[in-house]
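Trainee: got a predicted structure plus its sequence, pasted below:
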Amino acid sequence: MSTCNESVMLEKDIAGVRLEEHEREKGVLVLIPAGEVIRVDRTAPHLGRMQQVEWRGSAYGVFPQDLLKRSGSI
């Protein structure tokens, strides 16, 4: 696997903002639960202060410092 793309398992819940329209719910804040695997693309542009991640096939924005604290492997 490329070091730019990696899958990480969350050790704690993390808040994310949906970046893609999904049933007209773009921009909705969701809680991604602990134990879920998310994909992080290190080459994706930051969206303001947020890092783009993928969870269950949809794009979300999360704060990088939260990702560091809650995944343990970033």
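Mentor: In hand now; what should we look at? Residues are numbered from 1 along each chain as shown.

Trainee: from here on, contacts and neighbour counts on C-alpha atoms
Mentor: Fine.

Trainee: roughly how far apart are Pro64 and Ala34?
Mentor: Counting by Cα to Cα, to the nearest Å, the gap from Pro64 to Ala34 is 16 Å.

Trainee: I should have written Tyr60 there, sorry.
Mentor: Using Cα to Cα, we find Tyr60 at a distance of 16 Å from Ala34.

Trainee: likewise Val8?
Mentor: Distance, Val8 to Ala34, using Cα to Cα: 11 Å.

Trainee: neighbour-wise, which of the two wins?
Mentor: Val8 (17 against 14; other Cα atoms under 10 Å).

Trainee: which residues are in contact with the helix or strand hosting the more buried one?
Mentor: Element membership of Val8, judged by DSSP states H and E, is strand 5-9. Applying Cα atoms under 8 Å, 6 or more residues apart in numbering, the set of residues contacting strand 5-9 from outside is 34-43, 71, 73-74.

Trainee: residue boundaries of the helices in this protein?
Mentor: Here the chain has its helices, by DSSP state H, at 64-71.

Trainee: just want the most central residue of it.
Mentor: For the chain, Val53 is the residue whose C-alpha lies nearest the centre (Cα atoms, centre = their mean; 3.3 Å).

Trainee: is it correct that that residue is in contact with Pro64?
Mentor: No. Val53 is not in contact with Pro64 according to Cα atoms under 8 Å; the separation is 10.0 Å.
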